[in-house]
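A.B. asks: Here is my input; please provide its structure:
(chains A and B)
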Protein chains: 2
Amino acid sequence: MKIESVDFFYLSMPEVLDIGDGSQDALLVRVRAGGYEGWGECEASPLTSIASYVCPMSHSACKPLKYSVEGKSIDDVSDIRRISTLVHENSLDLLQADHTLSGIDIALWDLLGKKLNEPVYHLLGYKRAFPKLPYASQLFGDTPEETYQKAKQTNAAGYKAVKFGWGPFGKNGIEKDIAHLKAAREGMGNDAFLMIDAGTVWGEAVTAAQERLAALREVNTFWFEEPFINGALSPYKELSNSNPKVPLAGGEGCNNFVQAQAMIDYSGVSYIQIDAGRIGGITTAKRVADLATSRNVTYVNHTFTSHLALSASLQSYAGIEKDFISEYPVELKSLAQEIGKEKILPDSDGYIHLPDKPGLGIEVDKEACRNYLVDVEIKVKGKALYYMPEL
Amino acid sequence: MKIESVDFFYLSMPEVLDIGDGSQDALLVRVRAGGYEGWGECEASPLTSIASYVCPMSHSACKPLKYSVEGKSIDDVSDIRRISTLVHENSLDLLQADHTLSGIDIALWDLLGKKLNEPVYHLLGYKRAFPKLPYASQLFGDTPEETYQKAKQTNAAGYKAVKFGWGPFGKNGIEKDIAHLKAAREGMGNDAFLMIDAGTVWGEAVTAAQERLAALREVNTFWFEEPFINGALSPYKELSNSNPKVPLAGGEGCNNFVQAQAMIDYSGVSYIQIDAGRIGGITTAKRVADLATSRNVTYVNHTFTSHLALSASLQSYAGIEKDFISEYPVELKSLAQEIGKEKILPDSDGYIHLPDKPGLGIEVDKEACRNYLVDVEIKVKGKALYYMPEL
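C.D. replies: Purely as a prediction, here's the structure:
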C-alpha cells in the first residue's frame, strides 16, 4: 500500500507556562495508507516541525520531509527503515528534520502494526514485552518543603521510584540543592529509587556538578541526570570519573543514532535515555537499544508527555528484561492526558505493561483533541503550504 | 543600546534545482540597534528557521528565539556571548535553533563592529587577518570528462587549490569514482591542492570509503571530506586508522560547540570545517577555532553561499596564520553573488583577504536582494506571527 496522506495537528493548552513541563503542547501526526491510520507524536515546537515538513527545497540535501514520505510504499518494516534513510539523505541539512521524522516514524509503526495485527514490539523482533518499573517523573518543588510534600504524595500513591528534576535545582546555590535532595529522600523513604535530573543547568561546567556529588551519594541517588548539555562528552566523562561515584544518565537530547552512540561510547553514562519523539522515532530508538545492550549501558525511555508518546518510547526496549526502569510522567497537563483513550497504568505491583494490541495500542481521542487544536496557516508566495487538516 | 528589531528575509532563485548547491536560497537577518544595522545569514531551509524564531513557547526550555534576542542590550562582545548562552538555554529543545541563532549572531558581530568601528576579527582578539589560500569549491561534473573540463578551467583561472564534491561521487561504483579522481587531478595539474568531498554518501559504512583510499592516495588528495554523516565518530576514526593514509576533513554539519569538540577529539579528522551559518554563528565558530589550535587540528571555513556568509565564516580563524586554507565557492547562483556589494576576490598571488572595514565589511545590496524575496506569512490562531518585513 502507498502512503496517502500525512497530517499534522498542533495541540496546545490554552496557556503555556514558563516551566520545564513538556506536556503543555503536542504535535500529533496521522498517516493514512490502505484504509489504515497510524498516529505518532513529535516532541517540542510544533510550528517549527510543521514548517520543516512543508518548506520549499533549499538544495538536494535540504528537502522538506514530505518529499521522502508522501506516496511511498508501506507494506513491511523494511519500508519504514527505507523512509527513515530517505529522510536522513534528503533532509540532511534541515536541522529540525529528526524531530519531525520522529512523529512520522512512530505513526508508520502504529499503522503497520494495525495492518499486520501485531503490537509494534513484535514487529521489532521482541517475543514479549517485559513489565517496567515506572519512576514517577516530576519537577522539583519551588521549595524543599514542596519537594518533600511531592515525594510524600508519590510514595503514598505507591510508586517505588521517583525522579525530581528542573525547577530550582542548580540555580540557588548548593545549600538549597542539598535541602531539596534530602527532602526528596525523606518524603520517598529509604527503599525507593530516587533519580535526580539537573536539566542541563551547568551547561559544560564540571566543577558545579562535582560539588553536588557528595550530597547525591548521601541520599543514595540512583542516577544523576543531565548535569550538562547533550553531547558534552568531555564534561560527562570527567564527572563520571569523579568521586564519590554517582551513576550518570543522559541522552534525551540525542537527535540521531550517532549522537547516542557517542554518548554511549565516550561520555561514561550508565543510563542512555532516548525519546522516540526526538531521535527519529522507533526505528532509530531500537538501533540505540541494541547498541546499549552490546555496550552494557542501560536503556531507558525519555517521556514527559502523552501515553501515545509513552507507548512509542517503550516499544524500542520492551523486550530487554534487564532494562526494567522506565520514565513515567505523573504531572501531565489535561491535553497530554486526553490524547489517548487508553492509559498505561501501574498494576498492583507497581509495574506498567505495554498494551497487547496492534500498533501502539493507544487510540487517539479525536473529540478530546479538538478542544486543544491550534489553527496554523503557512503561506509561501501566496500559496498555502499548510493549513489545519480535518481531524 | 538595545536590540530594536530582528528581521528575516527569505531569498530564493526562481527555480531551485535538485543539486548539492547551497547557494540557491538564503535567509538574511537584519538586526537594528542604536542607529546601526548588522547583517547575517542562516544556512538552509529559510522557512523552518523563520518558524523557530516566531513559534509559540512549548515549555521553559523550548522558547522561540526572539525571546532571547529582542530588546536585549548590545554594547560589547560580552553581550553577544550572553545572547548566545540565553538562546542555548531558552531554546534547548528547539532543534532548528542553532541554524537560526547563526544568522542572528553574525548580524550582531557585524552591528557591533560598525558601532565600534572595527572589523569583526579585531573584536575577536586577532591583531590582523592573514591571507588565506582559497580552494575553488565546486560540484563534480556529471561525467569524468566534465570534471576534467571543470578542473582545467579552474586551473586556467589561476586557482592553486580545488575541491570537487557531491554530484555522482560514490553513487555509480568505484570505477567511475576513480575516473573522476583522475580527471580532477589531470585537469588541475600535479602542483595544485586537490580536495575531494564525498558529501556523506556512505552514511556510516566504512568499507565503501576504505575502498577509495588507494585511488585517493594515488591522485595525492589533500583531504578526503565527509565520507560519513556528521558525528559518526566511530566510522571516521576507523577510516582515519586505515591504510593507505589520506587526511580526513569534516564538521560542516556541527550545530554546536560540543559536536565540533567530539569530532576534534574522537573522529581522527585532520581538518575541522565549520560553517558560521550553522554552528551558532561567529561566537561558537571562534570557540571551535581555539579548541582546534590547542588540539593540532586545522580549522577551515565551510562556505557554499554568499560573500557575506564567506566573510562571516572567515572571521573566526582570520588570525591563525598556520590555518591558511579556505573554502571559496566558485559556482554561486546569481542570488548569492548579488547579496553583497563587495566581493572577496583572489589577489594576483591567488590569496583572499578579509575586508579591512568595520563589521563584516560587506554591504548588503538591498535593491538586488528585492528581486529574490520570497513572500512568507505564518499565522497562528488567526494572528500573523511573521510576514515579510520591509527591506
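A.B. asks: In chain A, which helix is the longest?
C.D. replies: Determined from DSSP state H, the single longest helix within chain A is helix A:97-116.
A.B. asks: Now the element after it, going C-ward?
C.D. replies: Following helix A:97-116 in sequence order, the next helix or strand is helix A:120-123 (DSSP states H and E).
A.B. asks: Any regions of the stretch 201-350 of chain A where pLDDT drops low?
C.D. replies: Of all residues in the stretch 201-350 of chain A, none has pLDDT under 70.
A.B. asks: what does it put close to chain B?
C.D. replies: Proximity of the stretch 201-350 of chain A to chain B, by CB under 8 Å from any CB of the partner chain, involves residues A:203-204, A:229-234, A:253, A:255-259, A:261-262, A:265-266, A:278. In short, each C-beta sits where N, CA and C put it, glycine included.
A.B. asks: Could you list which of those belong to helices?
C.D. replies: Short answer: these in helices (DSSP H) are A:Leu233, A:Ser234, A:Phe257, A:Val258, A:Gln259, A:Gln261, A:Ala262, A:Asp265, A:Tyr266.
A.B. asks: is it true that A:Val201 touches A:Phe169?
C.D. replies: Yes. With contact defined as CB atoms under 8 Å, A:Val201 and A:Phe169 form a contacting pair (6.5 Å).
A.B. asks: what's the residue positioned nearest the centre of chain A sitting at in phi/psi?
C.D. replies: In chain A, the centroid-proximal residue (CA atoms, centre = their mean) is A:Asp275; its distance is 2.8 Å. A:Asp275 adopts backbone torsions of phi -100, psi 120, taken as degrees, to the nearest 10.
A.B. asks: residues near the nearest residue in space to it that is not next to it in sequence, how many?
C.D. replies: Distances taken as CB to CB, 6 or more residues apart in numbering or on different chains put A:His302 closest to A:Asp275, at 3.9 Å, once the chain neighbours are dropped. Using other CB atoms under 10 Å in any protein chain shown, A:His302 has 28 other residues around it.
A.B. asks: Next, find the distance separating A:His302 from A:Ser45.
C.D. replies: 17 Å (CB to CB, to the nearest Å).
A.B. asks: again, but for A:Gly141
C.D. replies: 27 Å.
A.B. asks: quick one: which of those two has more around it?
C.D. replies: Neighbour comparison, A:Gly141 and A:Ser45: the larger count goes to A:Ser45, with 32 against 20 (by other CB under 10 Å).
A.B. asks: these two touch, right, the more buried one and B:Cys55?
C.D. replies: Yes. With contact defined as CB under 8 Å, A:Ser45 counts as touching B:Cys55 (5.3 Å).
A.B. asks: what touches both of the two?
C.D. replies: The contact sets of A:Ser45 and B:Cys55 overlap at B:Leu94 (CB atoms under 8 Å, 6 or more residues apart in numbering or on different chains).
A.B. asks: Burial check on the nearest residue to A:Glu342 once chain neighbours are set aside, number of neighbours?
C.D. replies: Nearest residue to A:Glu342 in three dimensions, chain neighbours excluded: A:Ile362, at 5.2 Å (CB to CB, 6+ apart). The tally of other residues near A:Ile362 (other CB under 10 Å) stands at 24.
A.B. asks: who's in contact with A:Ile362?
C.D. replies: By CB under 8 Å, 6+ apart, the residues touching A:Ile362 are A:Trp39, A:His307, A:Leu308, A:Ser311, A:Gly340, A:Lys341, A:Glu342, A:Ile344, A:Pro355.
A.B. asks: Sketch out the helices for the stretch 251-391 of chain A, chain order is fine.
C.D. replies: Remark: helices assigned in the stretch 251-391 of chain A by DSSP state H, counting those that start in this stretch are A:257-266, A:282-294, A:307-315, A:334-338, A:366-370.
A.B. asks: and the contacts of A:Ile362 as JSON lines, adding neighbour count and distance to B:Lys63?
C.D. replies: Shown next, in JSON lines, are these (neighbours: other CB atoms under 10 Å in any protein chain shown; distance: CB to CB, whole Å):
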{"residue": "A:Trp39", "neighbour count": "25", "distance to B:Lys63": "27"}
{"residue": "A:His307", "neighbour count": "27", "distance to B:Lys63": "26"}
{"residue": "A:Leu308", "neighbour count": "30", "distance to B:Lys63": "25"}
{"residue": "A:Ser311", "neighbour count": "30", "distance to B:Lys63": "28"}
{"residue": "A:Gly340", "neighbour count": "25", "distance to B:Lys63": "27"}
{"residue": "A:Lys341", "neighbour count": "14", "distance to B:Lys63": "32"}
{"residue": "A:Glu342", "neighbour count": "15", "distance to B:Lys63": "32"}
{"residue": "A:Ile344", "neighbour count": "20", "distance to B:Lys63": "30"}
{"residue": "A:Pro355", "neighbour count": "20", "distance to B:Lys63": "34"}
